[in-house]
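> this one's sequence-less:
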């Protein structure tokens, strides 16, 4: 199992994914079961395979102090069995059918998926429907699995200096938005979960009327609908909790964080509060911010790589990241590690100057068109996977945008103007709205070096 977390993601990857998928969104078939469960089916007949995903509308942003990370921990326990399929049976059956399966947790959702031969889809649906309401949460399995979750946190965050820096900046940036909660949770909370905590969270959120089934592959939509009715239809809906707004208090000045940890190189991380598609006052602003991130970090010709790395030789690496697809306001991230002899002060000033240039002068039409053309050109050579298509459909549903947003993204990005790029830079890249973090390396213990862990534990 894994949890997802943004740290200096090149936004071009996000743009490419949405560009290439947008042209296929029209082929989606939508159904709703009597119990409120939504079913999205997207036929893709290029190969006799299918991906089946169940998305629940619960993640770390639904949590509170004392149980942070419990959505991710419950994701682990969902593999520990039901009365009908004891611990390990789910995974054994999927593997026996030649498939693979896993799950992931984020701020706004938790999702479970299987990739199988298309004629084995019914097996996956039967297994997922069973564990939607019937997990047993045995005490011995719970104790053991919480040790695994603690180890995952140590490897992914506490022993990984870049992840630790991001976590500290993120927690400092948000005072009352739940996005300040790490997806994996704080260690003290993980160490004090009880089976009763887990059961309460499962009973509160795991219900058909809080779930979306997404199926993409070599399938017939009506047949999938019939199977969904057979296996998920008998499950009764539940009264779901009201989700409070938890909007962030306006930031009144810059916040700064210093993290001193064993590390090979120092780093600077800057996060500016910005809107997303769900929260923007002007619906074009998130698309302009996507383009800004592409201008700064869209390959070797992008501004940060060209100016900070090659021309000024201030940075060994630099990047920018922004996602417009979440429920609440997010951070526009800039990050960099200094080259030999460059101070963190000088590197931070250079990152800030890159943003000031966007504020002071409109980007040239040539540069703007190059960024857009880069996205379109990459689409031609990109082969969409059934998993990638399913991921975008489920994510858009669970952040509240709806899967039809896929049809809009390409044209909205192409419509962004130089004036809009300058406008969002001037409006949002304000020092009073940012949180700055420095990673200052401590000596590395050769017997316990920092982790570069990027995988997941089961």
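In hand now; what should we look at? Just so it is clear, the model here is predicted, and its values are computed rather than measured. Residues are numbered from 1 along each chain as shown.

> The helix or strand containing residue 366: what's the following helix or strand?
Take DSSP states H and E as the rule and residue 366 turns out to sit in helix 365-381. Per DSSP H and E, the first helix or strand lying C-terminal to helix 365-381 is helix 386-398.

> buried ones in the next helix or strand after that next one?
Downstream of helix 386-398, the next assigned helix or strand under DSSP H and E is helix 406-414. Neighbour counts over helix 406-414 (16 or more other Cβ atoms under 10 Å) mark 406, 408, 409, 410, 412, 413 as buried. (C-beta placed from N, C-alpha, C; glycine too.)

> For the fifth one, report the pLDDT, please.
You'll see residue 412 listed with a pLDDT of 88.

> The first one now?
Looking at residue 406, its pLDDT reads 85.

> Can we start the residue count at 487 from this point?
Okay, using 487 as the starting number, the last item reads as residue 892.

> and the gap between it and residue 877?
11 Å (Cβ to Cβ, to the nearest Å).

> Then the last one?
Using Cβ to Cβ, one gets 19 Å for the distance from residue 899 to residue 877.

> can you check the fourth one too?
Between residue 896 and residue 877 the distance, using Cβ to Cβ, works out to 17 Å.

> again, but for the fifth one
Between residue 898 and residue 877 the computed distance is 20 Å (Cβ to Cβ).

> Can I get the buried residues of helix 892-900 in TSV including distance to residue 920?
Below are these laid out as TSV (distance: Cβ to Cβ, whole Å):
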residue	distance to residue 920
892	31
894	29
895	27
896	30
898	26
899	25
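
> Whatever helix or strand residue 758 lives in: how far from the chain's middle?
Assigned by DSSP H and E, residue 758 belongs to strand 753-760. Distance, stretch centre to chain centre, for strand 753-760: 17 Å (Cα atoms, centre = their mean, to the nearest Å).

> Check the average confidence over it, would you?
For strand 753-760, the per-residue pLDDT averages 98.

> what's the following helix or strand past it in contact with?
Next along the chain after strand 753-760, taking DSSP H and E as the criterion, comes helix 771-782. Helix 771-782 is contacted from outside by 497-498, 500-501, 760-763, 766, 788-790, 805-808, 810, 818, 820, 840, 844, 849, 853-854, 857-858, 860-861, 895, 898-899, 901-902, 906-907, 909-911, 913-914, using Cβ atoms under 8 Å, 6 or more residues apart in numbering.

> go again using 6 Å as the cut-off
For helix 771-782, the external contacting residues (Cβ atoms under 6 Å, 6 or more residues apart in numbering) are 497-498, 760, 762-763, 766, 788-790, 806, 808, 810, 857, 898-899, 902, 906-907, 910.

> I'd like the average pLDDT over that helix.
94.

> and it with strand 753-760, angle?
160 degrees (axes from the mean of the first three to the mean of the last three Cα atoms, to 10 degrees).

> Buried residues of helix 771-782, list them for me.
Of the residues in helix 771-782, those buried by neighbour count under the rule 16+ other Cβ under 10 Å are 771, 772, 773, 774, 775, 776, 777, 778, 779, 780, 781, 782.

> How about stretch 751-759?
Buried residues in stretch 751-759 (16+ other Cβ under 10 Å): 752, 753, 754, 755, 756, 757, 758, 759.

> How far off centre is it?
On Cα atoms, centre = their mean, the centre of stretch 751-759 falls 19 Å from the chain's centre.

> ok, residues contacting that stretch?
651, 655, 659, 815, 817-823, 830, 833-834, 837, 914-915, 919-923, 925-927.

> can we see that at 7 Å?
With contact meaning Cβ atoms under 7 Å, 6 or more residues apart in numbering, stretch 751-759 is reached by 648, 651-652, 655, 659, 737, 815, 817-824, 830, 833-834, 837, 914-915, 919-927.
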